[in-house]
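Asker: Have a look; sequence and predicted model below, questions after that.
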2 protein chains.
Amino acid sequence: MTKLKFSLSMSLDGFVAGPDQTREDPLGKGGMALHDWAFAAWKTDGPDTEYANLWSKNVGAVIMGRNMFGPIRGPWGGEEWNGWWGEDPPYHTPVFVLTHHAREPLEMQGGTTFHFVTDGIEAAFDRATDAAAGRDISIGGGASTARQYLKAGLVDEMAIHVTPVLLGRGERLFDDVEDSLDGYECVELVSSPSVAHFTYARKNR
Amino acid sequence: MTKLKFSLSMSLDGFVAGPDQTREDPLGKGGMALHDWAFAAWKTDGPDTEYANLWSKNVGAVIMGRNMFGPIRGPWGGEEWNGWWGEDPPYHTPVFVLTHHAREPLEMQGGTTFHFVTDGIEAAFDRATDAAAGRDISIGGGASTARQYLKAGLVDEMAIHVTPVLLGRGERLFDDVEDSLDGYECVELVSSPSVAHFTYARKNR
């Protein structure tokens, strides 16, 4: 059965991105440091590596927010923004981008096609479920997108990688979610000296 | 040299106490679960035990907020509230309670005396420094008191014990602290399957 899940790096003070996203700072000021552990893990194949790979493990479709796709706000305009990731993005699956502004699908190399969904998170979920064809759907981010799916009660699994980074400001993952967290239990907590991995699953499913 | 420090348990979503503190719920709704790991550690003397003991290690004085001392708000009135801890509180040192309402010092058994400080956090810090006589000062809590000292730039060390508990609401530790966190570096991250211990120290001190 297809599960909806996310795997996100979070600062100890609760942020999954820094403030002031720009083309030069896709993760906002200081936000890139949240992923230092993952880059190190990919280089060394150590205890954190399997956690660094979770975001794409058994994933057949990805959902992301508009701001994760790019720094542009409002209508797409004439600018040819095709994402942060170059010609061959790392997804290699359909990617559903939540936006208020329609745009034709964008087929990249390597099997990644960006679909722009203007009719809401449930529509994106339905389309991603079809596209995933039995594999899982990964919420790529950012915080707002993850929160919306949490509040809709649609998230099955969460992997949260708490790093020692202190950002002080930015995009907070668990803000205003309140009762939406009631149904989860921690099924694993492990850490290296660089990062602590908390994995949650929905109870009674 | 006397250091100002705190050792606090925090839910993964950032809270050090639940909402709606009452006489029956000193840590707010659900807040007691933040300390399950410590109670277990005291029983078993396992890998978490030294972290559960940090709050009082080499501590010669304690500072706490009014709400950590009791559920009463406003003037002390006629009610004889002497804290949550019975006749022999676990501090065994002077404890400085931040409040807007003057009250005579309250001497308990076992060496704990509560002093009620009405002239601000720096005055409490000065008095606690004298009382600590070379040992450290521990900020007992809650979130608001820890934040005030962070924002004043007075905190030397932080131990934050991140538990897998998800509260959804309550008293958030790192709220509106922004640049106050700039000067800290993580000097240790270790975890058991129950809790991840993050220890920070001020840089260049």
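Answerer: Received, thanks.
Asker: pLDDT value on the most centrally placed residue in chain A, please?
Answerer: Nearest to the mean C-alpha position of chain A, counting by CA atoms, centre = their mean, stands residue A:140 at 2.0 Å. Residue A:140 carries a pLDDT score of 96 in this model.
Asker: so it touches residue A:62, yeah?
Answerer: Yes. With contacts counted by CB atoms under 8 Å, residue A:140 reaches residue A:62, the gap being 5.0 Å. Every C-beta, even on glycine, is put in place using the N, C-alpha and C of the backbone.
Asker: quick one: average pLDDT of stretch A:67-84?
Answerer: For stretch A:67-84, the per-residue pLDDT averages 87.
Asker: Then residue A:75 would be within a helix, right?
Answerer: No. Residue A:75 is assigned coil when assessed by DSSP: H, G, I helix; E, B strand; the rest coil, not a helix.
Asker: can you tell me how far it sits from chain B?
Answerer: 33 Å (CB to the nearest CB, to the nearest Å).
Asker: quick one, phi psi at that residue?
Answerer: phi -60, psi 150 (degrees, to the nearest 10).
Asker: Was I right to think it contacts residue A:101?
Answerer: Yes. Counting by CB under 8 Å, residue A:101 is a contact partner of residue A:75 at 5.1 Å.
Asker: To which secondary structure element is the closest residue to the residue nearest to the centre of chain A other than its chain neighbours assigned?
Answerer: In this structure, residue A:140 finds its nearest non-sequential neighbour in residue A:64, 3.8 Å apart by CB to CB, 6 or more residues apart in numbering or on different chains. Using DSSP states H and E, the element containing residue A:64 is strand A:59-65.
Asker: show me what contacts the residue lying closest to residue A:92 once chain neighbours are set aside?
Answerer: Nearest residue to residue A:92, sequence neighbours excluded (CB to CB, 6+ apart): residue A:111, at 4.2 Å. For residue A:111, the contact set (CB atoms under 8 Å, 6 or more residues apart in numbering or on different chains) comprises A:91, A:92, A:93.
Asker: In CSV, list those residues along with secondary structure and pLDDT.
Answerer: Converted to CSV, these look like this (DSSP: H, G, I helix; E, B strand; the rest coil; pLDDT from 0 to 100):
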residue, secondary structure, pLDDT
A:91, coil, 97
A:92, coil, 97
A:93, coil, 98
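Asker: I only care about the residues you listed that end up buried; give me the ChimeraX line for that.
Answerer: Buried residues within these, by 16 or more other CB atoms under 10 Å in any protein chain shown, are selected in ChimeraX with:
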select /A:91,93
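Asker: Can you tell me which of the contacts of residue A:111 lies closest to residue A:193?
Answerer: residue A:91 (30.2 Å; CB to CB).
Asker: Please report the distance of the closest one from chain B.
Answerer: 27 Å.
Asker: Skip the chain neighbours and tell me the closest residue to that residue.
Answerer: What sits nearest to residue A:91 in space, not counting adjacent residues and going by CB to CB, 6+ apart, is residue A:112, at 4.5 Å.
Asker: sorry, back to before: could you tell me which residues touch both of residue A:140 and residue A:62?
Answerer: With CB under 8 Å, 6+ apart as the test, residue A:140 and residue A:62 both reach A:91, A:95.
Asker: What ranges does chain A have for its strands?
Answerer: A:4-11, A:15-17, A:59-65, A:94-98, A:106-107, A:113-117, A:136-141, A:157-163, A:171-172, A:184-191, A:196-202 (DSSP state E).
Asker: List the residues that contact residue A:199.
Answerer: Applying CB under 8 Å, 6+ apart, the residues contacting residue A:199 are A:157, A:158, A:159, A:160, A:186, A:187, A:188, A:189.
Asker: What is the burial count for the closest residue to it other than its chain neighbours?
Answerer: Nearest residue to residue A:199, sequence neighbours excluded (CB to CB, 6+ apart): residue A:188, at 4.3 Å. The tally of other residues near residue A:188 (other CB atoms under 10 Å in any protein chain shown) stands at 13.
Asker: ok, residue A:188 - contacts?
Answerer: Residue A:188 touches A:197, A:198, A:199, B:193, counting by CB under 8 Å, 6+ apart.
Asker: how about CSV for those residues, with distance to residue A:32 and pLDDT added?
Answerer: Shown next, in CSV, are the contacts of residue A:188 (distance: CB to CB, whole Å; pLDDT from 0 to 100):
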residue, distance to residue A:32, pLDDT
A:197, 19, 98
A:198, 21, 98
A:199, 24, 98
B:193, 30, 96
